[in-house]
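no FASTA, just this:
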């Protein structure tokens with residue numbers, strides 16, 4: 001799937017690699033949308049489409065012009081909905097977007113209008129929870145989100161409003177855990193707790209497990225346990241007992257090559 005200008009029109013096209021299989025699907029008034037995202041179930045591909053009457057909104061296509069349509073006008077009228085990254089997990093698409101009345105919250109879609117909805121208004125009203133660090137683990141979508149009671153903590157959802165909840169309030173009250181670098185290690189979820197109240201970031205595993213870390217650059221030697229490391233230090237980490245799992249080149253706010 002790709003966006004392009006052509007004599008047939010400006011909009012979304014698809015191709016199977018042949019001239020006969022390259023066709024125009026739908027007109028778009030602008031072509032600066034994120035790349036389309038395909039789900040693993042069926043032949044559904046989601047994308048942000050832009051037209052004059054509805055602005056930027058979520059669309060879906062099955063590869064045919066008649067199966068290419070806008071799902072919902074989340075921000076009614078020509079005003080655009082602001083979208084974050086589109087993340088596919090199985091048959092569902094998860095995405096953060098900014099809509100009137102809800103601010104920036106996490107939504108999901110199964111490719112139908114009725115199956116496209118807000119999972120939970122975590123920060124009520126126009127206030128935004130600003131979901132981030134979306135990661136899929138054992139059939140659930142984990143993400144960080146902010147609310148007035150808990151600050152920015154780890155949340156999860158099974159794709160239903162009833163199944164969308166806070167995982168744990170690691171830093172109670174006004175302190176925030178600010179989870180980053182979510183990754184999967186076997187049946188465990190791994191992430192860094194980077195709260196402003198901590199002088200050093202802390203590695204967390206759910207459920208807990210033993211961790212051995214070899215710290216390079218400014219710090220040397222072996223550290224066991226939770227693993228506290230200063231920001232900006234490059235830290236190769238190997239979590240046990242599963243061999244082969246490693247965080248390499250962790251520097252401050254990001255984890256590379258998990």
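Looks like it came in fine. Predicted model, so just to flag it, every value in this text is computed and none were measured.

gap between residue 38 and residue 21?
The gap separating residue 38 from residue 21 is 16 Å, by CB to CB, to the nearest Å. For the C-beta atoms, the positions are set from N, CA and C on the backbone; glycine is no exception.

between these two, tell me which one has more neighbours.
Neighbour tally, residue 38 and residue 21, criterion other CB atoms under 10 Å: the higher count belongs to residue 38, 16 against 10.

could you find the closest non-adjacent residue to the more buried one?
Counting by CB to CB, 6 or more residues apart in numbering, residue 38 lies nearest to residue 45, which is 4.5 Å off, once chain neighbours are set aside.

partners of that neighbour in the sheet?
With DSSP bridges as the criterion, residue 45 is bridged to residue 38, residue 61.

residue contacts, it?
For residue 45, the contact set (CB atoms under 8 Å, 6 or more residues apart in numbering) comprises 1, 36, 37, 38, 39, 60, 61, 62, 63.

in this structure, which spans are helices?
Using DSSP state H, no helices are found in the chain.

what stretches of it score poorly on pLDDT?
Flagging of the chain using pLDDT under 70 yields the residue ranges 32-34, 40-42, 174, 195-200, 208-258.

who's in contact with the most centrally placed residue in it?
Geometric centre of the chain, nearest residue: residue 134, 3.2 Å, by CA atoms, centre = their mean. By CB under 8 Å, 6+ apart, residue 134 lies in contact with 85, 87, 94, 96, 106, 141, 142, 143.

let me know the closest of the residues you listed to residue 189.
Nearest to residue 189 among the contacts of residue 134 is residue 142, at 6.2 Å by CB to CB.

so what's residue 9 up against?
Residue 9 is in contact with 24, 27, counting by CB under 8 Å, 6+ apart.

returning to that earlier point: kindly reformat the contacts of residue 45 as CSV containing distance to residue 49.
Converted to CSV, the contacts of residue 45 look like this (distance: CB to CB, whole Å):
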residue, distance to residue 49
1, 11
36, 10
37, 13
38, 15
39, 17
60, 9
61, 9
62, 14
63, 15
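
only the buried subset of the residues you listed, as a PyMOL command please.
Under the burial definition 16 or more other CB atoms under 10 Å, those of the contacts of residue 45 that qualify are selected in PyMOL by:
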select buried, resi 1+36+37+38+39+60+61+62+63
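
so which of the contacts of residue 45 comes closest to residue 116?
Comparing the contacts of residue 45 against residue 116 with CB to CB picks out residue 60 as the nearest, at 8.9 Å.

so the closest one makes contact with residue 71?
Yes: using CB atoms under 8 Å, residue 60 is in contact with residue 71, at 5.6 Å.
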